[in-house]
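In: Sequence first, predicted model second:
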Amino acid sequence: MAEPPILSWEGLGLHQGEGWLFGGPDTDGLDLHIAPRDRLALIGRNGAGKTTLLKLITGEIEADRGVRKVKPGTHIVLLEQEPDYTGFATLMDYALSGDDAPAPHEVEAIAGQLGIDMTTEAKGASGGERRRAALARALAQNPDLLLLDEPTNHLDLSAIDWLESWLERYKGAFIVISHDRTFLKRLTRSTIWLDRGNLRRKDVGFGGYEAWEEQVYAEEARAAEKLDAKLKIEAHWLERGVTARRKRNQGRLEKLWQMRAQRASMINPEGTAKLKLASDADFKSKSVIVAEEITKSYGDRTIIKPFSLRIQRGDRIGVVGANGAGKTTLLKMLTGELEPDSGKVTHANTLSGVMIDQQRKLLSPEKTVRQVLAEGGDWIDVRGHRKHVQAYLKDFLFDPSVIDAKVGSFSGGERSRLLLAREFARTSNLLVLDEPTNDLDLETLDLLQEVIADYKGTVLIVSHDRDFLDKTVTVTLGLDGSGHVDVIAGGYADWEAKRAERRSKPAKKAEKPAEKPSAPPPPPPKSTKLSYKDQRDYELLPARIEELEELIAKGEAALADPDLYSKDPDRFARISKSLEMAREEKDEAELRWLELAELVEG
């Protein structure tokens, strides 16, 4: 039997601005029930009310209708996107504030794992430091219900990994809003979807959300056949829009794999880009940034060891690594903002760049959308072509009626989307994106991938969003903090595979008996022909990947039973383990097939 909820909302409705955000008087309102061990992904477009719903759950906001019930003694903690540090001298002062303040030693223990000094002054702390301090405060309280609003924003990859491990061990329930698909797929078991004022729930993790979304829109389109023309057109647009985007995503991924295969042929086995290729005048003419043996140090610390790279027109370069590893330093040297200590960086004469930073500093809350995009007019120049502002707004998933709305009335994600719309309109051949995925909803992320894929110039991206990098970049520059920079053809997963391979090598050497040094064997003759095993893998892996996808779907369907955990915890554990193994095998199979595809393309 399912456990009773620790919190529920029945008939929830909230009036906001000129209308009802959700649960209007002509509806039954929203119903939400949260069980003690729920792992819920909260999905919805920017502006749908996701953050507002979390505040209604905590009781911070009063609803206009509905009944909120909380099991006595339930402790609820909300991790906000932008915590208010006003009035606090240090990060620790903030962490120990409030009626339910955690114990100092608990905060210190988690802060140590997150790599944050809690004695740092709050006023001068960076966004990443503030986010880690807020996270340490929230987790140290060990609540019964944890509400996480974009928890991975401003976190580096190591901190995200640690947070995922903590949440896997966490005994309470949590609801998470996040744009990080990898994070959501790994942790959630159920999905609640806030869509056009309605709240839907399905007991499958985020991995099954997109198929569910497409199914819902298809059903609406069929139902609309019996309704008036306006509803029919809207439902048809929703179904076609979602389905078409999925197909475009697949087409872009195929093109991305081809680009990675081409780039792999230009990178030698040691992982440094070739600067001199025989009879390759065309390759050189396409180069837009050439770095030759550049280095950078601050005091006794080496940030970048001698590093060379040739960036071509159309390259999508991802820069990854822990906070403090040197990502921003490397980016600034490549773009010419910072001089290297040694070596040189050469730019093409025609290079013209646009920088979109994570601070979103370019938007004034008092300005209207029309002022931001078209300086108060009706037309905007989009990379040299005139377009009506309202038509351009549609391209970035805005309702054209918001043209005279003030920026201050938008959610954080909507502001980010508006900034992207403004900057992508500028004529340029180099686009620099610093944490572009922060605050964006999943549909806007799909749109951003689409715009980047269609961009004719070169793109440099600093991001901690693993899924976004895997679906966007052709080359990954991975910084490990020692000053070394890996140059990998592919995305984040390819860099992780390279690191895992490197970590495994010392163990293999240790197993061998000591031998006298000898001359290295001659290199094997180069051959583009696949071996028998490689050819078999190339032909059979697609079918195996499909089988694994079916197994994963069945496993997720089995775990969708809300009573399974309480009725048969052993079976729940077996299915969960099998599901994890199937996902790992699928990831390995896809990586293996991509490597073979690169050989075939080469």
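Out: Received it, and whenever you're ready, just let me know what you need.
In: Show which residues not belonging to whichever strand or helix holds Asp31 make contact with it.
Out: Using DSSP states H and E, Asp31 falls within strand 30-34. Residues from elsewhere that reach strand 30-34, judged by CB atoms under 8 Å, 6 or more residues apart in numbering: 5-13, 22-23, 40, 53, 57, 66, 145, 173, 175, 192, 198-199, 201. Using the backbone N, CA and C atoms, a C-beta is placed for each residue, glycine as well.
In: mind listing the strands for the stretch 451-600 of the chain?
Out: For the stretch 451-600 of the chain, the strands defined by DSSP state E, counting those that start in this stretch occupy 458-462, 475-479, 485-489.
In: sorry, back to before: buried among the contacts of strand 30-34? Make that a PyMOL selection.
Out: Here is the PyMOL command that selects the buried residues among the contacts of strand 30-34 (16 or more other CB atoms under 10 Å):
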select buried, resi 5+6+7+8+9+12+13+22+23+40+53+57+66+145+173+175+192+199
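In: The contacts of strand 30-34 in helices, which ones?
Out: Leu53, Ile57 (DSSP state H).
In: and Arg169, how many neighbours?
Out: Summarising burial for Arg169: neighbours were counted as other CB atoms under 10 Å, giving 6.
In: ok, now Phe572?
Out: 16.
In: swap in the one 10 residues further on?
Out: Burial of Ala582 is recorded as 19 neighbouring residues (other CB under 10 Å).
In: From Ile545, how far off is it?
Out: Distance, Ala582 to Ile545, by CB to CB, to the nearest Å: 11 Å.
In: Residue ranges of each domain in the protein, please.
Out: By the record's domain assignment, the chain is partitioned as 7-220, 281-352+428-504, 532-601 (automatic domain parsing).
In: Between the two ends of the first one, how far is it?
Out: Across its full length, domain 7-220 reaches 30 Å end to end, with CA to CA, to the nearest Å as the criterion.
In: again with stretch 449-460
Out: Start-to-end, stretch 449-460 (CA to CA) is 13 Å.
In: List the buried residues of that stretch.
Out: Buried-residue list, stretch 449-460, by 16+ other CB under 10 Å: Gln449, Ile452, Ala453, Tyr455, Gly457, Thr458, Val459, Leu460.
In: In TSV: the residues you listed, plus distance to Pro151.
Out: Output for these, formatted as TSV (distance: CB to CB, whole Å):
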residue	distance to Pro151
Gln449	22
Ile452	25
Ala453	28
Tyr455	30
Gly457	33
Thr458	32
Val459	27
Leu460	26
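In: so which of those comes closest to Gly87?
Out: Nearest to Gly87, judged by CB to CB, of these is Leu460 at 38.4 Å.
In: what's near enough to touch that closest one?
Out: Ile317, Val319, Leu331, Leu334, Thr335, Leu430, Leu431, Val432, Leu433.
In: In strands, which of the residues you listed fall?
Out: Cross-referencing the contacts of Leu460 against strands under DSSP state E gives Ile317, Val319, Leu430, Leu431, Val432, Leu433.
In: related to what we said a few turns ago, just put the domains of the chain in TSV and tack on mean pLDDT and distance to Leu397.
Out: Output for these, formatted as TSV (pLDDT from 0 to 100; distance: least, CB to CB, whole Å):
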stretch	mean pLDDT	distance to Leu397
domain 7-220	91	7
domain 281-352+428-504	87	6
domain 532-601	75	28
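In: before we move on, back to that, show me what the strand holding Asp31 pairs with in its sheet, parallel or antiparallel.
Out: strand 7-16 (antiparallel) (DSSP bridges).
In: my guess is Ile289 contacts His347, does it?
Out: Yes: assessed by CB atoms under 8 Å, Ile289 is found in contact with His347 at 5.8 Å.
In: Counting neighbours, go ahead and name the busier of these two.
Out: Ile289 (22 against 16).
In: doesn't the more buried one fall inside a helix?
Out: No: checked against DSSP: H, G, I helix; E, B strand; the rest coil, Ile289 lies outside a helix; its state is strand.
In: Find the nearest non-adjacent residue to it, please.
Out: Once flanking residues are discounted, Ile289 sits nearest to Ile311: 4.2 Å by CB to CB, 6 or more residues apart in numbering.
In: Pop out the phi and psi values for that neighbour.
Out: The phi/psi pair for Ile311 (degrees, to the nearest 10) reads phi -100, psi 130.
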